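Engineer: quick one: sequence and predicted model below, then my questions.
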Amino acid sequence: MAESVRVKSFDLVSQDISEVDVDLLHALSLGVGWPHRPADWNFLRRVGQGIVAVDGIGRVFGSAMWFPHGSDFATVGLVITTPRAQAHGAGRWLMEQVMQRCEGRNLSLNATKAAYPLYVSLGFDTEASVFMHEAVVSGVSEPTIANGVLSDFPAARVEEIFAFDAKAFGRDRSRQLAMLAEISTSCILLRDGKIAGYAMRHDFGRGQVIGPIVAQDDQDAIALAAWHMRRFEGNHVRVDTREKDGPFAQFLLECGLSVSDTVTTMSKGRRFLNRTEGTPWVYGLASHALS
Ligand SMILES: CC(C)(COP(=O)(O)OP(=O)(O)OC[C@H]1O[C@@H](n2cnc3c(N)ncnc32)[C@H](O)[C@@H]1OP(=O)(O)O)[C@@H](O)C(=O)NCCC(=O)NCCS
């Protein structure tokens, strides 16, 4: 693997993402129109690992991160090349380094349209579309729950959802959930004393993201999302979901959350998504990077 890459007239080397000033990362994501705030970058740097491509005087031209979930799986995200350096090989170089550092792990990511051909050429397979719903929320009605109790869920009790979540996510992501819970407002749905769903809401970009939303079915997912939306009316909310249609997607549209973009869930190695009848499902993603 090459230790450096020549992009236009710049010689770039990779550096650990934890070593660079967060303002440089913020400028990088702003440059490609992404909403991440410095606080979002700092959170993601605490959760995962990454590299940046820098020139001889420390200017950041690109980034790529990976987020290990358990011992044999990682999600990849924050793959960015600054516009003036794009289409000169930096994106491929960054991804090759990520794949080398994640060797032995199955990988998944959510690809933008700009990055999709790159990931196909690196051997990633297409699994599903992710629909980014967002808007200022208003007029959300009181959720109706059949035989269930919906309530606040304090971060201190996050361990209680790990096993339930793993059935939906397909992997153990306890560490990520514990870190997300620290920065989130969360609710839980109990039915007959057992966990039937949960949803978190945290600051991100222009407002808040509701996610993960994990539930047994559409109606429970709607109730969990509505619990959050009612508490955040008048503010900008984003929900990333793989539900193309059906009651949950319809509910988001009825709350005014139209689809502003779509990305593609892809994987390399073992297939990532495995929806099974009767088991919980991830209705709302934690984020594109964490999936
Ligand atoms: C996606 C992105 C990271 C690619 O970075 P890059 O430095 O331009 O990538 P590379 O120059 O290594 O190109 C990689 C591949 O992308 C494709 N590609 C890049 N620029 C292209 C262009 N202008 N037109 C068509 N294809 C292009 C090619 O398939 C290329 O393959 P090749 O090596 O066989 O030529 C960059 O465009 C970017 O930051 N976009 C905005 C943020 C984003 O969408 N990130 C992806 C998150 S999943």
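Structural biologist: Received it, and whenever you're ready, just let me know what you need. Numbering: from 1, shown residues only.
Engineer: got the residue ranges for the strands in the stretch 51-200 of the chain?
Structural biologist: Ranges of strands in the stretch 51-200 of the chain, per DSSP state E, counting those that start in this stretch, are 60-69, 73-81, 106-111, 125-136, 149-152, 184-191, 194-204.
Engineer: is the ligand within reach of the first one?
Structural biologist: No: when contact is scored as CB under 6 Å from any ligand atom, no part of strand 60-69 falls within range of the ligand; the minimum is 6.5 Å. C-beta: built from backbone N, CA, C; applies to glycine.
Engineer: and among the strands of the stretch 51-200 of the chain, the most buried is which?
Structural biologist: Of all the strands of the stretch 51-200 of the chain, strand 73-81 has the most neighbours on average by mean count of other CB atoms under 10 Å, namely a mean of 25.
Engineer: before we move on, back to that, and the strands of the stretch 51-200 of the chain as JSON lines, adding mean pLDDT?
Structural biologist: Below are those laid out as JSON lines (pLDDT from 0 to 100):
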{"stretch": "strand 60-69", "mean pLDDT": "97"}
{"stretch": "strand 73-81", "mean pLDDT": "98"}
{"stretch": "strand 106-111", "mean pLDDT": "98"}
{"stretch": "strand 125-136", "mean pLDDT": "98"}
{"stretch": "strand 149-152", "mean pLDDT": "96"}
{"stretch": "strand 184-191", "mean pLDDT": "98"}
{"stretch": "strand 194-204", "mean pLDDT": "98"}
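Engineer: want to try JSON lines for these, with distance to Arg271 as columns?
Structural biologist: Shown next, in JSON lines, are those (distance: least, CB to CB, whole Å):
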{"stretch": "strand 60-69", "distance to Arg271": "15"}
{"stretch": "strand 73-81", "distance to Arg271": "11"}
{"stretch": "strand 106-111", "distance to Arg271": "8"}
{"stretch": "strand 125-136", "distance to Arg271": "7"}
{"stretch": "strand 149-152", "distance to Arg271": "33"}
{"stretch": "strand 184-191", "distance to Arg271": "28"}
{"stretch": "strand 194-204", "distance to Arg271": "24"}
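Engineer: Pro38 is nearest to which of those?
Structural biologist: Pro38 lies closest, by CB to CB, to one member of the strands of the stretch 51-200 of the chain: strand 194-204, at 11.8 Å.
Engineer: paired strands for that closest one, with orientation please.
Structural biologist: The pairing partners recorded for strand 194-204 under DSSP bridges are strand 184-191 (antiparallel), strand 207-215 (antiparallel).
Engineer: quick check, the residue in the stretch 1-150 of the chain closest to the ligand?
Structural biologist: Per CB to the nearest ligand atom, Gly91 is where the stretch 1-150 of the chain lies closest to the ligand, at 2.4 Å.
Engineer: ok, and the closest non-adjacent residue to that residue?
Structural biologist: The shortest distance from Gly91 to any non-neighbouring residue, by CB to CB, 6 or more residues apart in numbering, is to Thr81 (4.8 Å).
Engineer: show me the contacts for the one you found.
Structural biologist: By CB atoms under 8 Å, 6 or more residues apart in numbering, the residues touching Thr81 are Ala53, Phe61, Gly62, Ala90, Gly91, Leu94.
Engineer: so which of the strands paired with strand 194-204 comes closest to the ligand?
Structural biologist: Closest to the ligand of the strands paired with strand 194-204, according to CB to the nearest ligand atom: strand 207-215, at 16.8 Å.
Engineer: just the angle between the closest one and strand 125-136, please?
Structural biologist: Using axes from the mean of the first three to the mean of the last three CA atoms, to 10 degrees, the inter-axis angle of strand 207-215 relative to strand 125-136 is 130 degrees.
Engineer: now the element after the host helix or strand of Ala221, going C-ward?
Structural biologist: For Ala221, the element it lies in under DSSP states H and E is helix 218-231. Next in sequence after helix 218-231, counting helices and strands by DSSP H and E, comes strand 236-241.
Engineer: now do that following strand, average pLDDT.
Structural biologist: Summarised as a single mean, pLDDT over strand 236-241 is 98.
Engineer: got the angle between that strand and helix 218-231?
Structural biologist: Calculated by the same axes, to 10 degrees, strand 236-241 forms an angle of 160 degrees with helix 218-231.
Engineer: quick one, phi psi at the closest residue to the ligand within the stretch 151-291 of the chain?
Structural biologist: Residue nearest to the ligand within the stretch 151-291 of the chain (CB to the nearest ligand atom): Val263, separated by 6.8 Å. Phi and psi for Val263, reported as degrees, to the nearest 10, are phi -130, psi 170.
Engineer: same check, this time on Val22
Structural biologist: phi -60, psi -30.
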